[in-house]
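> With the sequence up front, the predicted model follows.
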Amino acid sequence: MNGIMDYWALLNTVVIMFALGLSGPLQPGAKSFAGSRWILLRSTLGYNLLIPALALVAIKTTDLFAHETLSAMTLCIAAAGGTSAGAFVMQVKGSPALAAKLIVVLLGVSLLAVTVFSQLGWIELGALSLGGLALYLLTITLAPLFIGRGFQHLYPAIAKRWQPLFDRLGSLLVILLVIALAVRYGREILSGPAEPMIAAALLVLLFVLPPLLEPEVGWRRTLVLVTLIRNLTLVLSILAVLPQSAALLSTVLAFGLFMYLMTAMLVWYWRSRPLPEVQ
């Protein structure tokens, strides 16, 4: 992405995490989630890492995709915890508390996965400083989240009034960013080779189908969206310092477009089907 889109993505992350903080801990599904560590474990390790990684290992044994496409897919798998999921979770009446916890935990998981995959030789990091990248990502996610939580604790009435405004602002920024990416890269991707689009569609299915088996409706919606929406800021930050980034970019951008297309369809479908009052 160019400079203005990088700052756009940064602002989007800060706004969404601040909105999640303003939502406070007492949301539908938050109390029941607080006593369950199993859902966090199966989401972070199962849905977000192990299942797609094992599928990637199986794909690597075939000649279906080129090495560059497989490297791009590996980056997308490693980059879990996309913050824009928070805006969509609130739109479908999921659990903001669960989404916030998952996004924070998955940020650490994604950085660990990038390190492990680079040691295995699945991806090349070049001269990238993971420490500096980790500090940057933690700053733009944890800081606004904790500021929002603190504000919600000190001024609950104001936070309740402000939260929907920041929620809508975060959603608007995501929608505009997706439109900008589609306008900038959509024709190039759709008119290019089919392999990046096939790889992107396969990734979307790997991220969506497993968490759809969750029995509880609110958790299911939350886990699907948090698993599907990857941290493209992390992927693009890595690509920015890689000499072979041009060969990987088409697959990453195709996945980004397909990812948000699937998200839009799910949000539209779920918004027309309200949740039961008791989570």
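Everything's here; your move.

> Could I get the buried residue list for the longest helix seen in the chain?
Taking DSSP state H as the criterion, the chain has its longest helix at helix 156-190. Buried residues in helix 156-190, counted by 16 or more other CB atoms under 10 Å: 159, 162-163, 166-167, 169-171, 173-174, 177-178, 181-182, 185, 189. (Glycine included, C-beta is placed from N, CA and C.)

> how long is stretch 69-87 end to end?
Start to finish, the residues bounding stretch 69-87 are 29 Å apart (CA to CA, to the nearest Å).

> Quick one: mean pLDDT for it?
Stretch 69-87 shows a mean pLDDT of 86.

> okay, and for the stretch 1-150 of the chain, where does confidence drop off?
By pLDDT under 70, the low-scoring segments of the stretch 1-150 of the chain are 1-7, 9, 24-36, 125-130, 133.

> now do 50
Across the stretch 1-150 of the chain, the ranges flagged by pLDDT under 50 are 1, 26-35.

> Would you state the helices of it in chain order?
3-23, 30-34, 38-41, 51-60, 67-78, 85-91, 96-120, 130-154 (DSSP state H, counting those that start in this stretch).

> what would those look like in JSON lines with mean neighbour count?
What follows is these, written out as JSON lines (neighbours: other CB atoms under 10 Å):
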{"stretch": "helix 3-23", "mean neighbour count": "21"}
{"stretch": "helix 30-34", "mean neighbour count": "16"}
{"stretch": "helix 38-41", "mean neighbour count": "13"}
{"stretch": "helix 51-60", "mean neighbour count": "16"}
{"stretch": "helix 67-78", "mean neighbour count": "23"}
{"stretch": "helix 85-91", "mean neighbour count": "28"}
{"stretch": "helix 96-120", "mean neighbour count": "21"}
{"stretch": "helix 130-154", "mean neighbour count": "16"}
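
> Out of the ones you listed, which is closest to residue 209?
helix 51-60 (9.0 Å; CB to CB).

> Specify the angle between the closest one and helix 96-120 in degrees.
If you take axes from the mean of the first three to the mean of the last three CA atoms, to 10 degrees, helix 51-60 sits at 30 degrees to helix 96-120.

> who's in contact with helix 51-60?
For helix 51-60, the external contacting residues (CB atoms under 8 Å, 6 or more residues apart in numbering) are 65, 70, 73-74, 77, 202-203, 206-207, 210.

> Can you list the buried residues in stretch 213-230?
When burial is assessed from 16+ other CB under 10 Å, stretch 213-230 yields the following buried residues: 214, 216-230.

> Low-confidence regions, the stretch 151-279 of the chain specifically.
If you take pLDDT under 50 as the line, the stretch 151-279 of the chain has these spans: 278-279.

> how does it look with 90?
The model of the stretch 151-279 of the chain has pLDDT under 90 over residues 151-194, 214-219, 231-254, 256-257, 260-261, 264, 271-279.

> Now the residue nearest the centre of the chain. Nearest residue, chain neighbours left out?
Taking CA atoms, centre = their mean, the centroid of the chain lies closest to residue 82, which sits 2.3 Å from it. Sequence neighbours aside, residue 229 is the residue nearest to residue 82 in space, at 3.8 Å (criterion: CB to CB, 6 or more residues apart in numbering).

> Would you agree the one you found is in contact with residue 86?
No - if you go by CB atoms under 8 Å, residue 229 and residue 86 don't touch, sitting 9.1 Å apart.
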